[in-house]
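# let me see the structure of the following:
(one chain, ligands or ions: 1)
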Amino acid sequence: MFIRNPKPWHNERSPVTPKRIYFNRRHFLKSVIGVGIGATSLSLAGCQTSESDRALQKTLNQPKISPLKTNPNFASVDRPITNEKLAGSYNNFYEFGGDKSIWLKAQELPTDNWKVEVTGLVKNPKTYDLDDIKKQFPIEERIYRFRCVEAWSMVLPWVGFPMKELIKAVEPTSKAKFVRFTSFYDETVMPGPTFSLGNLPWPYTEGLRIEEMANELAFFAIGIYGEELPKQHGAPIRAVLPWKYGFKGAKSIVKVEFLAQQPATYWHTRIPNEYGFIANVNPDVPHPRWSQATEKFIGTGPDLSWDIKPTQLYNGYQEYVAHLYS
Ligand code: MTE
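Okay, the predicted model is just below:
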C-alpha cells in the first residue's frame, strides 16, 4: 500500500503557535525602510491571485534531488519549516529588483551549462559544472534557521554540501586566509532596484575568513525543499551561513576565490557602517537604523503573519561557531 508521508512544507500554512500577530505592513516598513538592504517594499507574498499563484508554483516545481538523506544533526530546529510558497515569493535578490517580489523577474536568470570557477591560492584550481558537484560532493539535506539583517526570519530545508568538502578538494595554500564568492551578473537581464542606491558595486560578492568556511555549518546549497534551487533562491548554487545575516549568503555563485587579504564585498563596500564583513547574528549589536534584539518569524499563519522571537546569538548556533570569535 502506498502511504503518502508528506513533508511539512507540502502542507498548507497553518497557525503553529498560539501567539499570532497579523503582519502589519506599515509597522514593518517603518522598522526597515531606508537606504540599503532594508530599503524594501513589501511584496504580496502569500497573497497571490490564483493565476500568479500557479505561475509561482511553476517556478517552485524543480527536479527532485534523490536519493536525499537528511543530516541527523540538522534534521529539525525549535520552529516549524517555513511554507515553500512564502519562502519562494519573499526574496532578496537585488540584481532583479529592490523589493521582495522578484520571483517572476528572477526567471530570466540563465542557468544552463552553469560553471563555478574555483581559483586563487589553491593547489588544485578547478572549474566545476553541476554534474561534477553532484558526483563529487556528499549531498544532504539540512534544516537551518535563516535570519535576515532586516530582522525577519524563516526556517529553510536546504540541500547541498558542506563548504569544507570543497576546501578538501582544492587544497588552499597556507597563504589563503579569506574566500570570496562572486554571483552571476548580466545587466541585460538584471535591472537592479528601481530606487536609487547610487553606484552599485556589481557583481554581488561576499566573503568569509577561511576558518569560517571550514566550519561545520558553512554550506553550499544546490536545492531547497527536496528539489533543485528555484531561480529566486539563487539557482543553481548559493552560500548558506546560518549563524550570519542572510546577506552573507551569495546567490547564483560563479566564482570562489581563495585570497590572502579580506576581499571587498557588495554591501560592505556600499554601506560599510551598516553591513560588516563578519555580520554574525547578534541581538546586542543593533543595526544603525533598527534593533536586532528581536526578530519577526514570518509565515506563522495566513499570509505574512509573524511571531516576535528573541534574536539568538549566532542565530542559536553558538556551539558550532562561538570558538571562532573568542
Ligand atoms: N545574493 C545576491 N547575488 N544578490 C542579493 O541581493 N541578497 C542576500 C542574500 N544573497 C542577495 C544575495 C540577502 S539580503 C538575503 S536575506 C538572502 O540572499 C535572501 O535569500 P532568499 O531570497 O533565498 O531567502
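
# wait, a helix at V285?
No - going by DSSP: H, G, I helix; E, B strand; the rest coil, the assignment for V285 is coil, not a helix.

# phi, psi for it please.
phi -120, psi 100 (degrees, to the nearest 10).

# kindly report the same for V170.
The phi and psi values for V170, taken as degrees, to the nearest 10, are phi -100, psi -10.

# quick one: it from P191, how far?
34 Å (Cβ to Cβ, to the nearest Å). Quick note: C-beta positions are derived from backbone N, CA and C, even for glycine.

# for N124, same thing?
38 Å.

# now swap in Y266 and tell me
Using Cβ to Cβ, Y266 is found at 17 Å from P191.

# again with T205
Applying Cβ to Cβ, the value for T205 to P191 is 19 Å.

# what sits against S183?
Neighbour list for S183: 95, 203-205, 234, 250-254 [criterion: Cβ atoms under 8 Å, 6 or more residues apart in numbering].

# burial count for F297?
A total of 22 residues lie near F297 under the criterion other Cβ atoms under 10 Å.

# can you count the residues close to the residue of the stretch 151-300 of the chain found nearest the ligand?
Per Cβ to the nearest ligand atom, G246 is where the stretch 151-300 of the chain lies closest to the ligand, at 2.8 Å. As a burial measure, G246 scores 21 neighbours (other Cβ under 10 Å).

# also P272?
So P272, with other Cβ under 10 Å, has 12 neighbours.

# and for the one 5 residues further on?
A count of nearby residues for F277, using other Cβ under 10 Å, gives 17.

# that one and G207 touch, don't they?
Yes - here F277 reaches G207: they are 6.8 Å apart, a contact under Cβ atoms under 8 Å.

# need the overlap of contacts for the two.
262, 265.

# what about the strands in the stretch 51-200 of the chain?
Remark: strands assigned in the stretch 51-200 of the chain by DSSP state E, counting those that start in this stretch are 115-120, 126-129, 140-147, 152-162, 178-183.

# can I get those in JSON lines with mean pLDDT and distance to S196?
Formatted as JSON lines, the strands of the stretch 51-200 of the chain follow (pLDDT from 0 to 100; distance: least, Cβ to Cβ, whole Å):
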{"stretch": "strand 115-120", "mean pLDDT": "98", "distance to S196": "32"}
{"stretch": "strand 126-129", "mean pLDDT": "98", "distance to S196": "36"}
{"stretch": "strand 140-147", "mean pLDDT": "98", "distance to S196": "28"}
{"stretch": "strand 152-162", "mean pLDDT": "98", "distance to S196": "24"}
{"stretch": "strand 178-183", "mean pLDDT": "98", "distance to S196": "21"}
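
# between Y266 and P191, which one's more packed in?
Neighbours were counted for Y266 and for P191 using other Cβ under 10 Å; Y266 has more, 21 against 14.

# tell me the contacts of the more buried one?
By Cβ under 8 Å, 6+ apart, the neighbours of Y266 are 200-206.
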